[in-house]
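Student: Starting from these lines, generate the structure:
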Amino acid sequence: MNFQWFIYIGLWVLGFVTIAIFHWSKPGRRRLPPGSMGLPFIGETIQFLIPSKSLDTPSFIKKRIQKYGNVFKTNLVGRPMVISADSEFNHFILQQEGKLVELWYMDSFNKIIGMNEMSKNGVLSMGIIHKYLRGLFLSYFGNEKLREILISRWEPIVNQTLKTWSEHNSVEVKRSSSEILFNFTANVLFSYDPHKSGENFGESLCDILEGLMSIPLKIPGTTFHRCIKAHGKVVKLISDIMKERKENPEKQTGDLLDQLTEDMEKQGLIKVSSIPTIITSILIASFETISVTLTLAIKFIIENPLVLDQLLKENEEILKKRDMGENGITWNEYKSMTFTMQVVNETLRMASVAPGILRKATKDIQMNEYIIPKGWSIMVVPSAVQLNPKTFVDPLSFNPWRWEDLSAGVTMKNFIPFGGGMRPCAGSEFSKMVMAIFIHVMVTKYRFTKIKGGEIVRKPILGFGKGYYVKVTEKN
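Tutor: Okay, here's the model as predicted:
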């Protein structure tokens, strides 16, 4: 009798698992885009996280495009997802925020950032919070502030930084640029003074970014665990500043942190306790991707003498035209950097630091003969369109001159380093300004020589294996 019950239970469990696997691989009766849901629960996460050593579209994406087409289904970290490398569909989806889709983040991001717990009354949507934060960010980093304040504050920092770099035998560019970009951005956000801190918080943010695209396991030694520790470190830094200002109001400086705190105390849109996490999120979005892209731009310039010559010609011409007694780049000079901006755009096209732009379907979405069900996530893949050989000839070749012939109609749907549609990145002009001014000082005042490293690694965030080291020499 006991043996019969054992057989019965075994068959019941086997049947349950079989049904679960069947429903996992073929969810619902509606026709979904082609693809594989992978294993139950973990899906194809492991394959997605396998590092690749190329600027090309990640192999996980390329292999599935070749097998299933430009739009396919998968499962990442327990979430059913449609991944798109189709420029027309991407453009459509990015226009549908608030209609068919909403912002969405990986579960690892939500577990660390706690976006769902930020709302004070628990019913405000992520979109409303994001809209407020976008407006606040633009009031401190938008074109008006760039023109009036930030461009004149950034250039002296670059001058001092490159002077310091020239005093060393070699400099690891990614780490060093992360440090100065963190210091500059954090100073605007919450008046951060690096001289009062003994830590490189820029490195902590690098750990956070890696962890946001990892499997959310709080096990010591994992990427996610390092991410949590790094996030806690940066949040504590900001929390301590908030506490100090509350106890000593005279220490308030009118920076973004003060404005955010004041707004939340009056409006109650977001919990005040969430403010340090919000500031940390802004830091991640505004500085870490810039440091990777800037490092890549430096690498490209060093490796392409013709590009360096053209940059030098353009930027020296700006200095020659400058009136006597004028110091520092003006907004008009920055806007006149045509070829420099082509170098910036070409680097942005090839970089695609993050693997994708995420949205979540709020309704069933009809796509040709397929249905994307409500609740599914959608990942738009910038690298797949920005490195498409049908749009960009020899896409893995660094060629800033290609931008002389690209029309707005082509770039609108095939160049999306800052997203697009209803919610493009608020820091797009800030990012371009930071890179352009750095390049201006770099080519007019210094010589850069590669020492070692520079191996590209996607895991899936773009980075540099073993660092990228250069020797910086001041021109006579």
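
Student: Count the neighbours of the residue lying closest to residue 471 once chain neighbours are set aside for me.
Tutor: Leaving aside its sequence neighbours, residue 471 sits nearest to residue 449 (Cβ to Cβ, 6 or more residues apart in numbering; 4.5 Å). Yep, even glycine has a C-beta here, placed from its N, CA and C like the rest. Residue 449 has 11 neighbours, counted by other Cβ atoms under 10 Å.

Student: Equivalent analysis for residue 355, please.
Tutor: Other residues close to residue 355 by other Cβ under 10 Å number 23.

Student: Okay, and it sits in which element?
Tutor: According to DSSP states H and E, residue 355 maps onto no helix or strand at all.

Student: Angles on the backbone of it, please.
Tutor: phi -70, psi -20 (degrees, to the nearest 10).

Student: Start and end of stretch 38-53, how far apart?
Tutor: Using Cα to Cα, to the nearest Å, one end of stretch 38-53 lies 24 Å from the other.

Student: How about stretch 314-327?
Tutor: 18 Å.

Student: can you list the residues that contact that stretch?
Tutor: Contact with stretch 314-327 is made by 329, 333, 336-340, 439-440, 443-444, as judged by Cβ atoms under 8 Å, 6 or more residues apart in numbering.

Student: picking up where we left off before, quick one: contacts of the helix or strand containing the residue nearest to residue 471?
Tutor: Under the criterion of DSSP H and E, residue 449 resides in strand 446-458. With contact meaning Cβ under 8 Å, 6+ apart, strand 446-458 is reached by 51-55, 58, 162, 166, 170, 172, 298-299, 301-303, 355, 442, 462-475.

Student: Please spell out which residues along that strand are buried.
Tutor: 446, 448, 450, 453-454, 456, 458 (16 or more other Cβ atoms under 10 Å).

Student: Send over it as CSV, restricted to the C-alpha atoms.
Tutor: Provided in CSV are the C-alpha atoms of strand 446-458 (Å, rounded to 0.1, in the frame of the first residue of the first chain):
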residue,chain,number,x,y,z
TYR,A,446,47.8,67.2,-24.0
ARG,A,447,49.1,64.1,-25.8
PHE,A,448,47.6,60.7,-24.9
THR,A,449,49.5,57.5,-25.4
LYS,A,450,48.1,54.1,-24.8
ILE,A,451,50.1,52.0,-22.2
LYS,A,452,48.1,48.8,-22.0
GLY,A,453,44.6,47.3,-21.7
GLY,A,454,41.4,48.5,-23.3
GLU,A,455,39.8,45.1,-23.9
ILE,A,456,36.0,45.6,-24.3
VAL,A,457,33.8,43.4,-22.1
ARG,A,458,30.0,43.3,-22.0
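
Student: just use 793 as the starting number from now, easier for me
Tutor: That works, and once the first residue is 793, the last one we named lands at strand 1238-1250.

Student: Report the rounded mean pLDDT for whichever helix or strand comes after it.
Tutor: Sequence-wise, the next helix or strand downstream of strand 1238-1250 (DSSP H and E) is strand 1254-1266. Average pLDDT, strand 1254-1266: 91.

Student: what are the pairing partners of strand 1254-1266, and which direction each?
Tutor: Applying DSSP bridges to the sheet, strand 1254-1266 is found paired with strand 963-964 (antiparallel), strand 1238-1250 (antiparallel).

Student: Which pLDDT does the model give residue 1144?
Tutor: 87.

Student: The one 3 residues further on too?
Tutor: The predicted local distance difference test score for residue 1147 is 85.

Student: how close does it get to residue 1194?
Tutor: To residue 1194, residue 1147 is 24 Å away according to Cβ to Cβ, to the nearest Å.

Student: Tally up the residues packed near residue 942, please.
Tutor: Neighbours of residue 942 (other Cβ under 10 Å): 21.

Student: now it: how far from residue 1120?
Tutor: 12 Å.

Student: Then residue 978?
Tutor: When residue 978 is compared with residue 1120 (using Cβ to Cβ), they lie 22 Å apart.

Student: And the next helix or strand past the worst-scoring helix or strand of the chain on mean pLDDT?
Tutor: Ranked by mean pLDDT, DSSP states H and E, the weakest helix or strand in the chain is helix 794-817, scoring a mean of 45. Once helix 794-817 ends, the next helix or strand along the chain (criterion: DSSP H and E) is helix 837-841.

Student: Tell me which other helices or strands that next one touches.
Tutor: strand 863-868 (3 or more Cβ pairs under 8 Å, 6 or more residues apart in numbering; DSSP states H and E).

Student: and the strand it packs on, what's its mean pLDDT?
Tutor: 96.

Student: Please name every helix or strand in contact with whatever helix or strand comes next after it.
Tutor: Once the chain leaves strand 863-868, the next helix or strand it forms, by DSSP H and E, is strand 871-876. Packing contacts for strand 871-876, counted by 3+ Cβ pairs under 8 Å, 6+ apart, involve strand 863-868, strand 1169-1172.

Student: mind checking which of those is nearest residue 836?
Tutor: Set against residue 836 and scored by Cβ to Cβ, those come closest in strand 863-868, at 5.0 Å.

Student: tally of neighbours for the nearest residue to residue 985 once chain neighbours are set aside?
Tutor: With Cβ to Cβ, 6+ apart as the criterion, residue 985 has its nearest non-adjacent residue at 7.4 Å, and that residue is residue 979. A count of nearby residues for residue 979, using other Cβ under 10 Å, gives 16.
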